[in-house]
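Visitor: What follows is a predicted structure for the sequence shown.
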Amino acid sequence: MTAARYTEFPNVGEKSRALEEKLKKIWVSKPGFYGFIASVDHKEIGIRYIVTAFAFLIVGGVEALIMRMQLAGPNQNIVSPEAYAQLFSMHGITMIFLYALPVLSGFSNYLFPLVLGTRDMAFPRLNAFSYWVYLAAGIFMYVSFLLGSAPNDGWFNYVPYADRTFNPGPNIDFYALGMILLGISTTAGAANFVVTFFRMRAPGMSINRIPILVWGTVTVSAGNLLAVPAVSLAFFLLWMDRQFGTHFYDAASGGKPLLWQHLFWLFAHPWVYIIVLPAMGMVSDGLPIFCRRPLVGYTLVVLGTITTMVLGFGVWVHHMFATGLPYMAMSFFSGASFIITVPSAVAVFAWIATIWDGRPIITTAFLYFASFIAMFVIGGVSGVMTAAVPADLQFHDTYFVVAHIHYVLIGINLFGVLGALYVWFPKMSGRLLDEYLGKVSFWVVFFGFNLAFLPMHWTGLRGMPRRIYTYPDGVGWTGLNQTTTAGAFLLAFGLALVLTNVLRSIRKGEPAGDNPWDGPTLEWATSSPPPPYNFAVIPVVASRHPLWEERLCEGTGRTSIDRGPQLDSGREALATTAIDAHPDLILKMPADDPWPFFVTIALAIGFIGLLLQAWWLAALSVIATLAGTIVWLWPRRDLAQIAEKQHV
Amino acid sequence: MKPLARATGGSVSTLLIMITSAAAGDTPMSYLESAGARAAPVTPLIWGLIYLSAAVVIVITLLVIVGSLKRRTTDAWLPGQRSDVERGGSGVLRWVYSGLIATTITLAAFVAWTMSTLAAIRSPDQAEQFTVHVVGHQWWWEVRYIGSSPSQSFTTANEIRIPSGRPIRLRLSSADVIHSFWVPALSGKTDLIPGRTNETWLEANRTGDFRGQCAEFCGQQHALMALRVVSLPGDEFAKWWAQQLKPAPGDTGASETVRNGRELFVAKCGICHTVRGTLAGGKIGPDLSHLMSRETLAANTIPNTRAGLSAWISAPQQIKPKNKMPNVELSSEELHAIRTFLYTLQ
């Protein structure tokens, strides 16, 4: 994105066939392999994020099923203790880092420019870069699995077991370097969302008219910019300890094992909110479509979202109550962990009020969203239970906490994502998902999930510690574990049905039309799937629900969908002001560009060099990465980065 | 706890009790029933939280289900069809406000309950009798009883005996990675962290045998790192302590097998294990001075019977793969001699 200041307002005109043809030529990505690696289209990138994240979900799910077979009875030996440690570590890493946020980034990438009424993200090439780096980091961490040296210290990777003394293989190096690489992707993506939010909205979409899913993602993106450095630093210090014998965490030489826990949870607790708030945002926008009324309490929900994120930075110590902290510190963090319930609960009451004051239409998406509310509450109250320090000293590190995190991750992330899939798949593909198969698969997923994870709370109350590869007979855990295993397979079957539905509907689904759900926001004002330029003319927005405003008698004046700035001299988008969304600048947008891909390759090679301690390779990569970045950022005339020659 | 359960009644609590309170013998790791002063005040708090959570979940779920069914439109949904949109009644925000007020008040009450419970478990009512220093190892527990003088102190492993009704001080540290000390019936968790010493306390309000287990992932055999706390009447406990102070019986009067066994033990096992009164003084594995006074082996993994002991000595890597005790080549005569010697360590 580069800004060019023009003295005149751009052409304002009607949507027309000729304009559409012209824009299509300007915006369409090249076909073939080159187009594949060079595309910077946010829709393409968004779908890639979603597909990749779902692929990781499947892999992580298979890991879980192997573990569930191992735990289906006492004293079983289906996998070795080391294999089990690698399985639960990779399962956590995969679901938390490679599925949960990327899938939400995928939806946000796809939807941001569409719901904001613009043509692309603020930094399209950076967007492509953040996807490629995510993919590289995912592959990097999974190579370890193929070598039999996957991370084996759980996703929170406590030292000193993660130190070289106790863990001499490359296992933890894969994790440490992979997370630093992934952090680059997350940071780039987060910066892009924040700038897009502030500057790329359609004219008239003032700060109180922005859809909640945008608020959710931008809030967690701001959170990411603050949280990711902590974990990148933590893993960098760990890598230094392991490779160069520094003593950041090494108690024998005066280092502090607890430093790791502070740095890790300072990141990882906010991360829990980071992987649920955008999903809550999608529910806040999706549910009202099927309740046929706007969301109750828009402002409160937005403020609740932001407050939750802010407070989310002040509760990390509740993961460390058993480490022997002073009682005063524990009371403070316990209190903070109780208080965070209040802003998170705002959305729940708003959703319920929306249902009760609306006219619900029970579609598959509605079923996911409505059950999301109940799952949210189960995951929420078990979270509140762990805020009570004395009780947490019992819950901590038992299956109670495992049940809790699965209600959070599946209940509050996956259920929201699946609901969102039913809502926005028609927009992405132009075809509807099958509703009958949708409902059947919903009930299988719902019962499978609850059968697996509701009894798991009792497994925890009966004292089964997490991360044990086996357990003895006669401690009261067998029956509950068998139930969970059965539920896990049922859940997997349900998800296979969802996948079947997607694969079938891509080819054979009913055509969706522009606005199959009669939704209120701008993405429904363009075709399904949208053209490469999203909107032939930039819409001018007059209310929070542009497509419902007539029926709601909302706002003054009417949103203009068919007439607006045409921006057809090259790839152009409109920048607006941060609060009021007044038109401000015309942005020259970059076209297909392979350099984000090449820079990612150079960067990934550097990480391989660091892993292999091939310093020459790492040095080469630094040079290649810098050179690639220079080519990428070299000023271009078509981006108005070179001053026009003055007319003499 | 029980009075609260009875008072609440109703189908919910019946269901909860049915699921949760199987006989205590069947669920030795359950923390829904307590047997010690550091766990007792916590149990009602846990139950309180469970009832609160169940109530909230049921109310919200009912609101969602009833709202969805009661208010639903029965017309079939046709894709792309334009349908009515309602602006919504005024005053629906009351839902949100009343919800928030109810949430805040309930939470405030539970914060107060939490803080008072936290204060209650901070220290015991009476002074602690003595200190036990527990050192975590991959994957067993070293247990040092600190007596009034070094001659009154001794070291054992994996089983902690305490006098019933008397608080004892626990000092917790680690020799390698982070472990977590946890005996659910008696107390919540406290971590054993390299480079620092944590202190807590333990008290059983009745005699009995309480199971515990390492609660922080500590490597491959984290799963088989359990322990037992045995609470004894005061006089029995004193007798046990006195017995533990004694060194191993001498050669006088011992059979040839025992003498052979002792020699073999010193040669083959003494580098890792200590048996006081012999030349075996290793510090890597558990102190075996009074091995036969313990009921289990390998951190509460197998029973300390003749068969269990033989199996463990001859093939520890099969029973607990990757544990730090290697499979030692022993002929059946050697195994027999060592086992016979160990049998004298009462």
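Guide: Nice, I can see it.

Visitor: Now do stretch B:54-73, average pLDDT.
Guide: If you average the pLDDT over stretch B:54-73, you get 94.

Visitor: For the helix or strand containing B:Arg339, which outside residues touch it?
Guide: Counting by DSSP states H and E, the secondary-structure element that holds B:Arg339 is helix B:332-343. Helix B:332-343 has contacts (CB atoms under 8 Å, 6 or more residues apart in numbering or on different chains) with B:255, B:257-258, B:260-262, B:264-265, B:268-269, B:288, B:291-292, B:306, B:309-310, B:313-314, B:330. Any C-beta I mention is one placed from the backbone N, CA and C, and that applies to glycine too.

Visitor: can you tell me which of these are in helices?
Guide: Residues from the contacts of helix B:332-343 lying in helices, with DSSP state H as the criterion: B:257-258, B:260-262, B:264-265, B:268, B:306, B:309-310, B:313-314.

Visitor: A:Ile45 - how many residues pack around it?
Guide: A:Ile45 sits with 25 neighbouring residues when counted by other CB atoms under 10 Å in any protein chain shown.

Visitor: Would you mind naming the helix or strand containing it?
Guide: Secondary structure assigned from DSSP H and E places A:Ile45 in helix A:42-70.

Visitor: Just after that helix, pick out the following helix or strand.
Guide: Following helix A:42-70 in sequence order, the next helix or strand is helix A:81-93 (DSSP H and E).

Visitor: could you point out which element follows that next one?
Guide: Scanning the chain past helix A:81-93 towards its C-terminal end, the next helix or strand to appear is helix A:101-116 (assignment: DSSP H and E).

Visitor: Next, report how far that following helix is displaced from the centre of its chain.
Guide: In terms of CA atoms, centre = their mean, to the nearest Å, the centre of helix A:101-116 is found 9 Å from the chain centre.

Visitor: Nearest to chain A among the ones in helices among the contacts of helix B:332-343?
Guide: Relative to chain A, the closest of the ones in helices among the contacts of helix B:332-343 is B:Leu309; by CB to the nearest CB it sits at 18.3 Å.

Visitor: related to what we said a few turns ago, got JSON lines for the ones in helices among the contacts of helix B:332-343, with pLDDT too?
Guide: Supplementary listing: the ones in helices among the contacts of helix B:332-343 in JSON lines, determined by pLDDT from 0 to 100:
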{"residue": "B:Thr257", "pLDDT": "92"}
{"residue": "B:Val258", "pLDDT": "94"}
{"residue": "B:Asn260", "pLDDT": "94"}
{"residue": "B:Gly261", "pLDDT": "94"}
{"residue": "B:Arg262", "pLDDT": "94"}
{"residue": "B:Leu264", "pLDDT": "95"}
{"residue": "B:Phe265", "pLDDT": "96"}
{"residue": "B:Lys268", "pLDDT": "94"}
{"residue": "B:Arg306", "pLDDT": "90"}
{"residue": "B:Leu309", "pLDDT": "94"}
{"residue": "B:Ser310", "pLDDT": "93"}
{"residue": "B:Ile313", "pLDDT": "95"}
{"residue": "B:Ser314", "pLDDT": "92"}
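
Visitor: give me every residue that touches residue 256.
Guide: Let's take chain A. Shown in contact with A:Lys256 (CB under 8 Å, 6+ apart): A:Phe248, A:Tyr249, B:Gly195.

Visitor: Secondary structure, pLDDT and distance to A:Ser89 for the residues you listed - can I get that in TSV?
Guide: Shown next, in TSV, are the contacts of A:Lys256 (DSSP: H, G, I helix; E, B strand; the rest coil; pLDDT from 0 to 100; distance: CB to CB, whole Å):
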residue	secondary structure	pLDDT	distance to A:Ser89
A:Phe248	coil	97	21
A:Tyr249	coil	96	18
B:Gly195	coil	94	24
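
Visitor: want to try a markdown table for those residues, with distance to A:Leu437 and neighbour count as columns?
Guide: Conversion of the contacts of A:Lys256 to a markdown table gives the following (distance: CB to CB, whole Å; neighbours: other CB atoms under 10 Å in any protein chain shown):
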| residue | distance to A:Leu437 | neighbour count |
| --- | --- | --- |
| A:Phe248 | 53 | 20 |
| A:Tyr249 | 51 | 27 |
| B:Gly195 | 57 | 17 |
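
Visitor: can I get the residues you listed in CSV with distance to A:Val276?
Guide: Putting the contacts of A:Lys256 into CSV (distance: CB to CB, whole Å) gives the following:
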residue, distance to A:Val276
A:Phe248, 31
A:Tyr249, 30
B:Gly195, 35
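
Visitor: Report the contact partners of B:Val328.
Guide: Under the criterion of CB under 8 Å, 6+ apart, the neighbours of B:Val328 are B:Lys268, B:Cys269, B:Ile313.

Visitor: Go ahead and confirm the second one touches B:Ala280.
Guide: Yes. Contact status for B:Cys269 versus B:Ala280: in contact at 6.4 Å, counting by CB atoms under 8 Å.

Visitor: The stretch 201-350 of chain A against chain B: which residues are in contact?
Guide: Taking CB under 8 Å from any CB of the partner chain, the part of the stretch 201-350 of chain A that reaches chain B is made up of A:251-252, A:254-258, A:292-294, A:296-297, A:300, A:322-324, A:327, A:330-331, A:334-335, A:338-339, A:341-342, A:345-346, A:348-350.

Visitor: Produce a PyMOL select command limited to the buried residues of these.
Guide: Applying 16 or more other CB atoms under 10 Å in any protein chain shown to these leaves a buried subset, and the PyMOL line that selects it is:
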select buried, chain A and resi 251+255+256+257+258+292+293+294+296+297+300+322+323+324+330+331+334+335+338+339+341+342+345+346+348+349+350
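
Visitor: Among the residues of the stretch 201-350 of chain A next to chain B, which ones are in helices?
Guide: Checked against DSSP H, these include these in helices: A:257-258, A:300, A:327, A:330-331, A:334-335, A:338-339, A:341-342, A:345-346, A:348-350.

Visitor: ok, back up a step: would you convert the ones in helices among the contacts of helix B:332-343 into CSV that also reports distance to B:Gly91 and neighbour count?
Guide: Converted to CSV, the ones in helices among the contacts of helix B:332-343 look like this (distance: CB to CB, whole Å; neighbours: other CB under 10 Å):
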residue, distance to B:Gly91, neighbour count
B:Thr257, 90, 16
B:Val258, 89, 19
B:Asn260, 91, 18
B:Gly261, 86, 23
B:Arg262, 87, 27
B:Leu264, 87, 19
B:Phe265, 83, 25
B:Lys268, 83, 17
B:Arg306, 78, 10
B:Leu309, 76, 20
B:Ser310, 78, 15
B:Ile313, 77, 21
B:Ser314, 78, 18
